[in-house]
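[1] My questions are about this predicted structure, shown below with the sequence.
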Amino acid sequence: MILSSPIFLVVVTICIFVAIRVALYRTGLVYIVKKWWRRFEDCFHVYQSFKVPEYNESMQENQLYGRVTDYLNSLTSVEDSDFTNLVTGKKPNEIVLLLDPNQIIEDNFLGAKVIWQAEGGGGSKNLVLKVRKADKRRILRPYLQHIHVVADELEQKKRELKLYMNVDAPDRAWKPVPFTHPSTFETISMEPDLKSKVKSDLESFLKAKQYYHRLGRVWKRSFLLYGPSGTGKSSFVAAMANFLGYDVYDLDLSRVKDDSELKILLLQTTKKSVIVIEDLDRYLAEKPVGLSFSGISNFMDGLLNSCCAEERVMVFTMNSKDHVDPAFLRPGRIDVHIHFPLCDFGAFKHLATSYLGVKEHKLFSQVEEIFLSGSSLSPAEIGELMIANRNSPSRAIKSVITALQTDGDRRGAGVCGRRVGFDVGSRKSESGEPGGMFCGEGGVPAVRDIRKLYGFLRMKSSRHSSHSQSFDGGSPHTEG
Ligand SMILES: Nc1ncnc2c1ncn2[C@@H]1O[C@H](COP(=O)(O)OP(=O)(O)OP(=O)(O)O)[C@@H](O)[C@H]1O
Ligand SMILES: [Mg+2]
């Protein structure tokens, strides 16, 4: 009776279904089934093949082969395939996946499936692209274009970055040195939310070429990083450059004679670069001679670059924007304002994890209390104390507590703790200030005082010595 009841049959069917599913996924049989299914599906399609040989008929390297190889190696389907080769890349510790002869890789483009197969062993090698005839007209050209775009991006990321500095007479031009700053978004202590906002802002900027062109705008994005000394502004610029794979042009305005020289310097910058002016507030406060307001603002607008219209990121750093003419910061001129505050407890914990390898500690509650009372120090100051005592996390945390108690009084007040501001310049802020920001900076003592308190060591870029290779450092102005 019970065996013929419909409920029993449904339950049995579900159980069998679940058992098959578990067996398929647990044992990997699912891959065999998928493979068979693909073969079955392929019986109903006619494919057209395109061969990409490694060398052309004159035995010269076929550049397309290299680009396609790079492209295929970046596909996740390479990782998912049955087997592949692992070889060392150009950089130390880099491991790349390399197609094996006869390995088949699938890719999807505009809803169509394409297949790549590597052919040949020791001698000449080929990559064969198979496209369904029915899809060929629709996707072949855009697909090859897409490969070029992705290969360009990968190349950009792989190449060695350069840091350019403007040098004095007689050269009056950019001088390049290798850019090897190790800072990345991961090493910077910052609210995770803000970090991912900046990353996605940069990513969407990179993809927006057509959009900017349609609007008749120069394809650039300008960032203002502002906050007390030692809060990570310069490190953040380096992290941005590393993230984008862009060269850095570090412009020292005090070395620029006049507006026309500034224009020439801007024209000499290359596309895909980050152009940085550090401590702009200090430069403007010194009432510069030679450079005019319009000269600087035209530079900020990247007006001259409209001729080439290639992507550039501009970054300006300031300790405070209180005394800066709002015209410099108006929406359009500065797109994104990012506030770099002194440490709060969250930032302290991030630093403790990176510098001391400590995620939790019995002294943390005491540290939290002190932060809550309004005391604060910059990440640079806390970082220095941790580095100096890195062999003993307890000693390091105690030294931070002492420093916070003796010297950090009220320094957190007025900087809003970790209320880090990210604001798109075209909006008004909560505070109603043009340009937008979330926090003011009242209560932050002079940078000089902070430095005196801790005498924290910081590599100066010594812009006035032409042999310097350090990007991470303040300009001569910072010492005030
Ligand atoms: N938010 C942070 N996260 C991690 N490390 C930081 C942070 N802020 C500062 N540091 C460390 O402190 C040092 C100084 O930081 P950095 O030069 O970036 O500060 P800054 O804001 O540019 O200072 P200044 O205004 O004086 O130029 C760097 O070595 C960096 O590693
Ligand atoms: Mg700096």
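    Sure, I can see it. Remember, predicted model here, so these are calculated numbers, not experimental data. Ligands and ions are numbered 1, 2, ... in the order given.

[2] Give the next helix or strand downstream of the helix or strand hosting residue 106.
    Using DSSP states H and E, residue 106 maps to strand 104-109. Sequence order places strand 112-119 as the next helix or strand after strand 104-109, per DSSP H and E.

[3] Give me every residue in the stretch 151-300 of the chain lying close to ligand 2.
    Neighbours of ligand 2 within the stretch 151-300 of the chain, by Cβ under 5 Å from the ion: 233-234. Yep, even glycine has a C-beta here, placed from its N, CA and C like the rest.

[4] can you give me the strands in the stretch 151-300 of the chain?
    162-166, 174-178, 220-226, 247-250, 273-277 (DSSP state E, counting those that start in this stretch).

[5] pull the CA atoms of the first one into CSV?
    Taking only C-alpha atoms (Å, rounded to 0.1, in the frame of the first residue of the first chain), the coordinates of strand 162-166 have been written out as CSV:
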residue,chain,number,x,y,z
LYS,A,162,58.6,54.7,-13.3
LEU,A,163,58.6,57.7,-11.0
TYR,A,164,59.3,61.0,-12.7
MET,A,165,60.4,64.1,-10.9
ASN,A,166,60.8,67.5,-12.4
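
[6] How many neighbouring residues does residue 392 have?
    Other residues lying near residue 392 total 11 when counted by other Cβ atoms under 10 Å.

[7] quick one, phi/psi of it?
    When read as degrees, to the nearest 10, the backbone of residue 392 gives phi -130, psi 100.

[8] Next: residue 376.
    The phi and psi values for residue 376, taken as degrees, to the nearest 10, are phi -160, psi 160.

[9] Can you tell me how far it is from residue 403?
    For residue 376, the distance to residue 403 equals 10 Å [Cβ to Cβ, to the nearest Å].

[10] okay, the two: which has more neighbours?
    For the pair residue 376 and residue 403, the greater number of neighbours falls to residue 376 (30 against 19), based on other Cβ under 10 Å.

[11] Surely that one touches residue 345?
    No. The criterion here is Cβ atoms under 8 Å, and residue 376 misses it with residue 345 at 9.6 Å.

[12] tell me which parts of the stretch 151-300 of the chain are close to ligand 1?
    Residues of the stretch 151-300 of the chain lying close to ligand 1 (Cβ under 6 Å from any ligand atom) are 188-190, 229-235.

[13] If we only consider these, which is nearest to residue 321?
    Closest approach to residue 321 among these (Cβ to Cβ): residue 233, at 12.4 Å.

[14] Which pLDDT value belongs to the closest one?
    Looking at residue 233, its pLDDT stands at 96.

[15] one step back: quick one: which of the residues of the stretch 151-300 of the chain next to ligand 1 is most hemmed in?
    residue 231 (28 neighbours).

[16] my guess is it contacts residue 378, does it?
    Yes. The criterion here is Cβ under 8 Å, and residue 231 meets it with residue 378 at 5.2 Å.

[17] Overlap of the contact sets of the two?
    residue 342 (Cβ atoms under 8 Å, 6 or more residues apart in numbering).

[18] which residues make contact with stretch 190-206 from outside it?
    185, 188, 221, 232, 236, 240, 243-244, 311, 313, 336, 338, 340, 346-347, 418, 420, 422.

[19] hmm, back to that, just put the strands of the stretch 151-300 of the chain in CSV and tack on distance to residue 51.
    Output for these, formatted as CSV (distance: least, Cβ to Cβ, whole Å):
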stretch, distance to residue 51
strand 162-166, 38
strand 174-178, 39
strand 220-226, 41
strand 247-250, 37
strand 273-277, 38
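
[20] which element is the residue of the stretch 301-450 of the chain found nearest ligand 2 on?
    For the stretch 301-450 of the chain and ligand 2, the shortest gap (Cβ to the ion) falls at residue 317, measuring 5.7 Å. Assigned by DSSP H and E, residue 317 belongs to strand 312-318.

[21] Okay, now the unreliable bits of the stretch 351-480 of the chain?
    By pLDDT under 70, the weakly predicted segments of the stretch 351-480 of the chain are 408-480.

[22] if we go to 50?
    Under the criterion pLDDT under 50, the flagged ranges of the stretch 351-480 of the chain are 413-421, 425-480.

[23] partners of the residue lying closest to residue 87 once chain neighbours are set aside in the sheet?
    Leaving aside its sequence neighbours, residue 87 sits nearest to residue 98 (Cβ to Cβ, 6 or more residues apart in numbering; 5.1 Å). With DSSP bridges as the criterion, residue 98 is bridged to residue 85.

[24] how close does residue 98 get to ligand 1?
    Relative to ligand 1, residue 98 is positioned 36 Å away (Cβ to the nearest ligand atom, to the nearest Å).

[25] repeat for residue 101
    Distance, residue 101 to ligand 1, by Cβ to the nearest ligand atom: 46 Å.

[26] Which element, helix or strand, includes that residue?
    Assessed by DSSP H and E, residue 101 sits outside every helix and strand.

[27] Taking the stretch 51-200 of the chain, what residue is nearest to ligand 1?
    Distance from ligand 1 to each residue of the stretch 51-200 of the chain (Cβ to the nearest ligand atom) is smallest for residue 189, at 3.5 Å.

[28] isn't that residue right up against residue 382?
    No. With contact defined as Cβ under 8 Å, residue 189 and residue 382 do not form a contacting pair (9.2 Å).

[29] Find residues that contact each of the two.
    343, 351.

[30] so where's this protein uncertain?
    307-308, 413-421, 425-480.

[31] Break it into its domains for me.
    Structural domains assigned to the chain are 45-158, 162-341+416-479, 345-407, following automatic domain parsing.

[32] Can you check which of those domains gets nearest to residue 39?
    Comparing those by Cβ to Cβ, domain 45-158 comes nearest, at 11.2 Å.

[33] how long is the closest one from one end to the other?
    38 Å (Cα to Cα, to the nearest Å).

[34] Where does the stretch 201-350 of the chain get nearest to ligand 1, which residue?
    Closest point on the stretch 201-350 of the chain to ligand 1, by Cβ to the nearest ligand atom, is residue 232, at 2.8 Å.

[35] Could you verify my assumption that that residue touches residue 184?
    No. Residue 232 is beyond contact range of residue 184, at 12.0 Å (criterion: Cβ under 8 Å).

[36] And for residue 64, the neighbour number?
    For residue 64, using other Cβ under 10 Å, the count is 17.

[37] dump the residue contacts of it.
    By Cβ under 8 Å, 6+ apart, the contact set of residue 64 is residue 52.

[38] Let's verify it: helix, strand, or coil?
    helix (DSSP: H, G, I helix; E, B strand; the rest coil).

[39] Now do the strands in the stretch 301-450 of the chain.
    Counting by DSSP E, counting those that start in this stretch, the strands of the stretch 301-450 of the chain are 312-318, 336-339, 422-424.

[40] Out of these, flag the one nearest residue 109.
    strand 312-318 (29.3 Å).

[41] what does that closest one contact?
    Residues contacting strand 312-318 (Cβ under 8 Å, 6+ apart): 202, 205, 218-226, 233-234, 237, 240, 244, 246, 269, 271-282, 300, 302, 305, 324, 334.

[42] quick check: longest helix of the chain.
    helix 133-158 (DSSP state H).

[43] How about it, which residues are buried there?
    135-136, 139-140, 143-144, 147, 151, 154 (16 or more other Cβ atoms under 10 Å).

[44] next one: stretch 364-371
    364, 367, 370-371.

[45] Residue 69: which of those residues is nearest?
    Among those, residue 364 lies closest to residue 69 (Cβ to Cβ), at 49.4 Å.
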